[in-house]
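Enquirer: 3D, please:
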Amino acid sequence: MTANREHYSRMGEALALAPAVYNADVDGVGIPTLDADSISFLIAFGAYTDGNHTFTIEVSNDDVTYAPADADDVLGDLPAVTDGTYANSAVRVAYRGQAPYVRLAVAATGTTGAAYGAVADLGHLHVEPPVRS
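Expert: As a prediction, this is how the structure comes out:
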């Protein structure tokens with residue numbers, strides 16, 4: 001069966017966590033969800049050298065004060081990186097709650113760290129983005 005429905009022009013995206021080598025805690029960018037009914041994060045991993053890197057999804061009502069999302073609102077397994085298992089791979093996780101702002105946060109340790117970054121995909125938009133070609 002051939003796919004005949006595209007979603008390329010029906011989704012929004014935002015940089016959630018800048019690609020870098022991390023060896024300390026980092027908070028991603030707060031993503032506003034008011035114009036979308038769904039949000040997921042695609043986390044891309046590069047090389048792993050050392051440390052522990054534990055991902056969480058955090059939510060906020062004001063984009064200032066964040067708290068961990070309820071476990072029931074998180075879809076997929078948030079990575080807990082302690083070795084090279086995730087190197088050169090990608091993981092998708094999602095949030096299904098009602099918070100107006102959502103972000104990724106990482107509790108990280110290590111001397112040289114691990115490389116990763118993330119993009120937020122916003123779906124079921126209330127207003128469609130401009131047509132893309």
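Enquirer: what's the weakest-modelled helix or strand in the protein?
Expert: Ranked by mean pLDDT, DSSP states H and E, the weakest helix or strand in the chain is strand 114-125, scoring a mean of 93.
Enquirer: Buried ones in that strand, by neighbour count?
Expert: Buried residues in strand 114-125, counted by 16 or more other C-beta atoms under 10 Å: 114-122. Glycine gets a C-beta too; all of them are placed from N, C-alpha and C.
Enquirer: now swap in stretch 53-64 and tell me
Expert: In stretch 53-64, counting by 16+ other C-beta under 10 Å, buried: 53, 55-60.
Enquirer: and L75, what does it touch?
Expert: L75 is in contact with 40, 93-96, counting by C-beta atoms under 8 Å, 6 or more residues apart in numbering.
Enquirer: Also S60?
Expert: So S60 contacts 30, 66-67, 99-103 (C-beta under 8 Å, 6+ apart).
Enquirer: what about it, distance to R92?
Expert: Shown here: S60 relative to R92, a distance of 22 Å by C-beta to C-beta, to the nearest Å.
Enquirer: Check A115 too.
Expert: From A115 to R92 the distance is 18 Å (C-beta to C-beta).
Enquirer: tally of neighbours for the nearest residue to D50 once chain neighbours are set aside?
Expert: Of all residues not flanking D50 in the chain, G110 sits nearest, at 4.4 Å (C-beta to C-beta, 6 or more residues apart in numbering). When counting by other C-beta atoms under 10 Å, one arrives at 17 neighbours for G110.
Enquirer: Many thanks, I have nothing further to ask.
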